[in-house]
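Peer 1: give the three-dimensional model of this entry:
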Amino acid sequence: MKLTRNLLRRSLSGISVGIVVFVGIILTLPVPSTLLSPTEDVPQESFAVVDVTVFDGEVFRERWDVWIESGQVRQVGQNLDLPDNLPRLDGRAHTLIPGLIDAHVHTFGTTLNDALRFGVTTVLDQFTDPALVAPKRAARQEIGIGTEADIFSAGMLATAPGGYGSQFGVPVQTISGPSEATEWVRARKSEGSDWIKIVLENGGPHGQKIPSLSLETAAALVEAAHTEGLAAVVHASTLNHALEAMAMRVDGLVHIWQDEVITSADAQRLAEADIFVVPTLSGIISYEDSAVVELIQGTDDSMLSPMQEQTLANRFPSTFQGDVAIENVRRLRAAGVRLLAGTDSPNPGTAAGISMHGEIRLLTRAGLRPAEALAAGTSIAADAFGIPDRGRIVEGSLADLVLVRGDVQANVTYSHDIVAVWKDGFLVNRGLAATSTEPVPAPTETLIADFEGGLEAAFGTWQITTDQMRGGASIASMTVQNAVLVIDGEISSNSAFPWAGVMWIPGAQPMDFSGREVIRFRTRGDGRSYSVMLFGNAQFFGAPPSVTFMAPTEWKQIEIPLEDFPTNSPEIITGIAFMAEGAAGPFSFEIDEVELK
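Peer 2: I've put the predicted structure just below:
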């Protein structure tokens, strides 16, 4: 079954048609013979890019003109008859590509803004809190100036009790058997899920053992999704699970497996079944890989948000088999399987937006030609998920565009050398991150979280943090039970500085909590010693200042003066972590009523 969506009718959101804004101080329209330099004067809303190499979503077109009007592509072709007063951008020595579509992300924090800044204008979210997605759907229907990529999402994933996906702190309605499938899928459809994601994961490839859905339950979920008019995709980390999913007639697989190389015969079967695959090589191959290192080294630090810096510095433990993953993609491509570009960002070693350019490079390493790799991140992704107004530069498509220096057809790494990004025809302010390391005033609320309504904080977000970002193997999970945050996990001995716990991040920028004097919270636990770490800069590198506390078996209120943290500016905060360190073994503690007073 194919995922289909009615094209959304787009309306202007309070923006007058015909207004032209230029970067810099140029405010007058050019005369017909004037070509604007792409390095200085970038128009928006109604304009043309002329004499440019265009990747239209499928093939490269030489010396084309592209006419943009009111948020859509009005006309494309060579030597267009353009209105005399239409601003024209000189596209020579540049390539114009559709806004990129990342087919596997997880959305929270600043990811949507970070994605857009690097030319990813649409993201396909494969698991997040449905409540986060709900207020962002309206942007998919409107044309207007925005600062975030559009999001389509599976919302909540389908997993077994205690299974993969239940450890991240996002509320998950687990499923125990086939009889629950129809009700579960209908609940997701009611929440607004654009498709259904099903997890077949027992942890085996990574030396773990975790509960997984039965094959009967997974098959029932696929059938229920199709009955409700929704596509079904599967998270499968082994070849065997991938082939089992194929037998269920799923629409897509959202990871490449790494345990063994697929045979040519099985690859052909996947192609004949018309099942697409999102390899997520970026999430598998370490940030130490040369393609990724070159990408990061070629990025101006001012373009990276604090969240991007943090997640790029993290990494998974070294259980992933990058060479096997690459060979599997190579064989799928040879068999004709539809491949989509997706990054699995912002998992360790990846970051929203920037990793999409690394994914394109990795796909070419697996044998895809530049046009194929770009199509995987544009038109093929749009077709697979039923959003045909995106991913192409054709008449009537959305004016989601990326202008890059150089000939991407000759060198796909040029996709990262971005001159301009347009969303709905409006120029994206890519300099937003340049000031994102400046502290902003903190909200007046002193209570961060009392967990009465679940994991949601008064402001900011909670997330897991472990030594896996430095190659360790410690684990942690967080759940809200009886209106308190429960943190469980196990410290592994295979890291020089092991840790695991949770972190609260107040926002996209450092926050100034001047006037606050103490961190106050209630805790209880297993009687061992834990640490509060105070992150006071945007880099998240090095050892942050910390203060220890005991988690006794009975509730106890803890107050830690900010001046006790050995740092010159304890009032400037980018994160507060509550974590176990040191001795190997399991741990468990709870926190509640977290305040900065």
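Peer 1: pull the longest strand belonging to the chain out as CSV, backbone CA atoms only.
Peer 2: The strand spanning the most residues in the chain, taking DSSP state E as the definition, is strand 585-596. Only the C-alpha atoms of strand 585-596 are listed here, as CSV (Å, rounded to 0.1, in the frame of the first residue of the first chain):
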residue,chain,number,x,y,z
GLY,A,585,26.7,-1.7,38.4
PRO,A,586,23.0,-0.9,38.4
PHE,A,587,21.5,2.2,39.9
SER,A,588,18.1,3.7,40.5
PHE,A,589,17.0,7.1,41.9
GLU,A,590,14.1,9.5,41.7
ILE,A,591,13.9,13.3,41.6
ASP,A,592,11.0,15.7,41.9
GLU,A,593,10.1,19.4,42.3
VAL,A,594,13.3,20.6,40.6
GLU,A,595,13.8,24.4,41.1
LEU,A,596,16.2,27.1,40.4
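Peer 1: list the buried ones in that strand?
Peer 2: With burial defined by 16 or more other C-beta atoms under 10 Å, the residues of strand 585-596 counted as buried are F587, F589, E590, I591, D592, E593, V594, E595, L596. C-betas here are computed from N, CA, C, even on glycine.
Peer 1: partner strands of that strand and their direction?
Peer 2: Taking DSSP bridges as the criterion, strand 585-596 pairs within the sheet with strand 447-449 (antiparallel), strand 484-491 (antiparallel), strand 518-525 (antiparallel).
Peer 1: give the next helix or strand downstream of the shortest one.
Peer 2: Downstream of strand 447-449, the next assigned helix or strand under DSSP states H and E is strand 461-466.
Peer 1: and the following helix or strand past that following strand, which residues are buried?
Peer 2: Elements were assigned by DSSP H and E; along the chain past strand 461-466, the next helix or strand is strand 475-481. Residues of strand 475-481 classed as buried under the neighbour-count rule (16+ other C-beta under 10 Å) are I475, A476, S477, M478, T479, V480.
Peer 1: what do you get for stretch 269-287?
Peer 2: Using 16+ other C-beta under 10 Å as the burial criterion, the residues of stretch 269-287 that qualify are 269-271, 275-285, 287.
Peer 1: lowest pLDDT pick from these?
Peer 2: When the buried residues of stretch 269-287 are sorted by pLDDT, the bottom entry is Y287 at 50.
Peer 1: circling back: out of the strands paired with strand 585-596, nearest to D65?
Peer 2: Relative to D65, the nearest member of the strands paired with strand 585-596 by C-beta to C-beta is strand 447-449, separated by 53.2 Å.
Peer 1: what is the burial count for A247?
Peer 2: Other residues near A247 come to 12 when the count uses other C-beta atoms under 10 Å.
Peer 1: actually, L221.
Peer 2: Neighbour count for L221, taken as other C-beta under 10 Å: 28.
Peer 1: what of L332?
Peer 2: Here the count is done by other C-beta under 10 Å, and L332 has 26 residues near it.
Peer 1: for it, phi and psi?
Peer 2: Torsion angles at L332 (phi, psi; degrees, to the nearest 10) stand at phi -70, psi -40.
Peer 1: next one: D129 from G353, what distance?
Peer 2: When C-beta to C-beta, to the nearest Å is applied, the distance between D129 and G353 equals 21 Å.
Peer 1: domain assignment for this structure?
Peer 2: According to the domain assignment given by automatic domain parsing, the chain is divided into the following structural domains: 157-253, 440-596.
Peer 1: lowest mean pLDDT among the helices and strands of this protein, which one is it?
Peer 2: For the chain, the helix or strand with the lowest mean confidence is strand 11-12, at a mean of 40 (criterion: mean pLDDT, DSSP states H and E).
Peer 1: for the record, mean pLDDT for whichever helix or strand comes after it?
Peer 2: Tracing the chain past strand 11-12, the next element assigned as helix or strand by DSSP H and E is strand 47-55. pLDDT averaged over strand 47-55 equals 97, rounded to a whole number.
Peer 1: please name every helix or strand in contact with strand 47-55.
Peer 2: Of the remaining helices and strands, those touching strand 47-55 by 3 or more C-beta pairs under 8 Å, 6 or more residues apart in numbering; DSSP states H and E are strand 60-69, strand 88-90, strand 94-98, strand 401-405.
Peer 1: only the buried residues of it, if you could.
Peer 2: By neighbour count with 16+ other C-beta under 10 Å, strand 47-55 contains the buried residues F47, A48, V49, V50, D51, V52, T53, V54, F55.
Peer 1: which residues does the closest residue to the fourth one other than its chain neighbours contact?
Peer 2: Using C-beta to C-beta, 6 or more residues apart in numbering and skipping the chain neighbours, the partner closest in space to V50 is D65 (4.6 Å). With contact taken as C-beta atoms under 8 Å, 6 or more residues apart in numbering, D65 is in contact with A48, V49, V50, D51, V52, Q75, V76, G77, Q78, N79, L80, L82.
Peer 1: same question for A93.
Peer 2: Shown in contact with A93 (C-beta under 8 Å, 6+ apart): R405, G406, D407.
Peer 1: residue boundaries of the strands in the stretch 101-250 of the chain?
Peer 2: Per DSSP state E, counting those that start in this stretch, the stretch 101-250 of the chain carries strands over the ranges 120-125, 142-143, 150-153, 196-200, 232-236.
Peer 1: put together a markdown table for these, with distance to S70 and mean neighbour count on each row.
Peer 2: Formatted as a markdown table, the entries for the strands of the stretch 101-250 of the chain read as follows, by distance: least, C-beta to C-beta, whole Å; neighbours: other C-beta atoms under 10 Å:
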| stretch | distance to S70 | mean neighbour count |
| --- | --- | --- |
| strand 120-125 | 17 | 28 |
| strand 142-143 | 7 | 20 |
| strand 150-153 | 17 | 25 |
| strand 196-200 | 35 | 28 |
| strand 232-236 | 34 | 27 |
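Peer 1: tell me which of those lies nearest to H416.
Peer 2: Ranking those by distance to H416, with C-beta to C-beta as the measure, places strand 120-125 first at 11.8 Å.
Peer 1: distance between the closest one and the chain's centre?
Peer 2: 8 Å (C-alpha atoms, centre = their mean, to the nearest Å).
Peer 1: what pairs with it, and is each one parallel or antiparallel?
Peer 2: Its sheet considered, strand 120-125 pairs with strand 100-105 (parallel), strand 150-153 (parallel) by DSSP bridges.
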